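# here are the coordinates; sequence isn't available:
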């Protein structure tokens, strides 16, 4: 019997072509490179006889379950994704896939790209479209202010530049 979990807000179904390619490569690597040797080692361990005390068999089955779980997740997730591969009609506004240069009150500049939740990496400047900062930026133009609620309080950010495509 599974553990009950309350419904969360569903993650956005949008992804950039780069993010889709990266997730698809992970799926192919798991399926073609990592799973076959683990399956082979489980078969070899099972052939040794008593499986209840066979550590190699037990560990191999655990590894196989983890790989299969990730394969199922990636397969389902990639099937339901919408790849956004071209900029919007109005490139002067912040939408999915936009690079945005922001400046705070102290003059500190930061650059972010609005991407899908599966490809967000804070250290690389890739923020999820579902993140509070991204939600505050959506629909804004250059020279607009975006107010973002942070744990330290509200923060005002100014939009200096918006562009689509390579950084």
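Received it, and whenever you're ready, just let me know what you need. Because the structure is a prediction, the values reported are computed rather than measured. Residues are numbered from 1 along each chain as shown.

# give me the distance from the longest strand seen in the chain to the chain's centre.
In the chain, with assignment by DSSP state E, the single longest strand is strand 153-163. Distance of strand 153-163 from its chain centroid, counting by Cα atoms, centre = their mean, to the nearest Å, is 23 Å.

# contacts for that strand?
Contact with strand 153-163 is made by 91-94, 98-105, 109, 133, 136-137, 140-149, as judged by Cβ atoms under 8 Å, 6 or more residues apart in numbering. Backbone N, C-alpha and C define where each C-beta goes, glycine included.

# can you list the strands that that strand pairs with?
strand 99-103 (antiparallel), strand 145-150 (antiparallel) (DSSP bridges).

# could you redo those as CSV and give each row distance to residue 56?
CSV is the format used below for the strands paired with strand 153-163 (distance: least, Cβ to Cβ, whole Å):
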stretch, distance to residue 56
strand 99-103, 49
strand 145-150, 49
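
# so what's residue 120 closest to, chain neighbours aside?
In space, and not counting its chain neighbours, residue 120 is closest to residue 128: 4.0 Å by Cβ to Cβ, 6 or more residues apart in numbering.

# neighbours around the one you found, how many?
Look at residue 128: counted by other Cβ atoms under 10 Å, it has 20 neighbours.

# thought it was touching residue 134?
Yes - shown here, residue 128 and residue 134 form a contact pair, counting by Cβ atoms under 8 Å, at 6.3 Å.

# so what sits against both of the two?
residue 114.

# re the thing from before, what's the least confident stretch among the strands paired with strand 153-163?
Lowest mean pLDDT within these: strand 145-150, a mean of 90.

# select the longest helix from this structure.
Counting by DSSP state H, the longest helix found in the chain is helix 55-79.

# for that helix, packing partners?
Helices and strands touching helix 55-79, as assessed by 3 or more Cβ pairs under 8 Å, 6 or more residues apart in numbering; DSSP states H and E, comprise helix 17-29, helix 35-46.

# taking the centroid of this structure, which residue is nearest it?
residue 118 (1.4 Å; Cα atoms, centre = their mean).

# got the helices and strands packed on helix 55-79 as CSV, with mean pLDDT, mean neighbour count and distance to residue 4 columns?
CSV is the format used below for the helices and strands packed on helix 55-79 (pLDDT from 0 to 100; neighbours: other Cβ atoms under 10 Å; distance: least, Cβ to Cβ, whole Å):
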stretch, mean pLDDT, mean neighbour count, distance to residue 4
helix 17-29, 95, 15, 28
helix 35-46, 92, 14, 30
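
# out of those helices, the one nearest residue 65 is which?
Nearest to residue 65 among those is helix 35-46; the distance by Cβ to Cβ comes to 10.0 Å.
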